[in-house]
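Chemist: What shape does this take:
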Amino acid sequence: MHMKKLATLFVFVALAATPALAQGAGGIDAGASELQTYIDPVGNLILIIGAIVGLIGGVRVYIKWNAGDQDTQKAVMGWMGSCVFLMVVGVVVKAFFGI
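Modeler: Prediction:
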């Protein structure tokens, strides 16, 4: 009984995998072109998130500066570092996929 279930499962898996293998290079090209359609919006989204983080960081640093905190420079460096990182990631993602 157990072998019969295992053999049936093997047949179903083999039949399901056959169309995927038959696509070959056409399937790979279709997948690559579909992936490229997602890269541009994702890169733009990362750039937008970086801009929002920069604005929020600027407001927080301004509040710290007006309050007279001593670690204002550390806050500026942290926020600017995160903004630069997000901007670079957005550009690198687009460049990596050739868009």
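
Chemist: Chain neighbours aside, what residue packs nearest to the spatially most central residue of the chain?
Modeler: Central residue of the chain (Cα atoms, centre = their mean): Val42, 6.5 Å from the mean position. Leaving aside its sequence neighbours, Val42 sits nearest to Val93 (Cβ to Cβ, 6 or more residues apart in numbering; 6.5 Å). C-beta coordinates here come from the backbone N, C-alpha and C atoms, glycine included.

Chemist: which residues touch the one you found?
Modeler: By Cβ atoms under 8 Å, 6 or more residues apart in numbering, the contact set of Val93 is Ile39, Val42, Gly43, Ile46.

Chemist: Which residues belonging to the helix or strand where it lies are considered buried?
Modeler: Secondary structure assignment for Val93, by DSSP states H and E: helix 72-96. By neighbour count on 16 or more other Cβ atoms under 10 Å, the buried set for helix 72-96 is Thr72, Ala75, Val76, Trp79, Cys83, Leu86, Met87, Gly90, Val93, Lys94.

Chemist: just stretch 31-39 next, same as before
Modeler: The neighbour-count check on stretch 31-39 (16+ other Cβ under 10 Å) flags nothing as buried.

Chemist: got the CA positions of it in PDB?
Modeler: Output of stretch 31-39 as PDB, limited to C-alpha atoms (Å, rounded to 0.1, in the frame of the first residue of the first chain):
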ATOM      1  CA  GLY A  31      11.100  34.800 -16.800                       C
ATOM      2  CA  ALA A  32      14.000  37.200 -17.300                       C
ATOM      3  CA  SER A  33      11.800  39.700 -19.200                       C
ATOM      4  CA  GLU A  34       9.100  39.500 -16.500                       C
ATOM      5  CA  LEU A  35      11.700  40.100 -13.800                       C
ATOM      6  CA  GLN A  36      13.000  43.200 -15.600                       C
ATOM      7  CA  THR A  37       9.500  44.700 -15.500                       C
ATOM      8  CA  TYR A  38       9.600  44.600 -11.700                       C
ATOM      9  CA  ILE A  39      13.100  46.000 -11.300                       C
END
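
Chemist: any idea how far that stretch is from the chain center?
Modeler: 13 Å (Cα atoms, centre = their mean, to the nearest Å).
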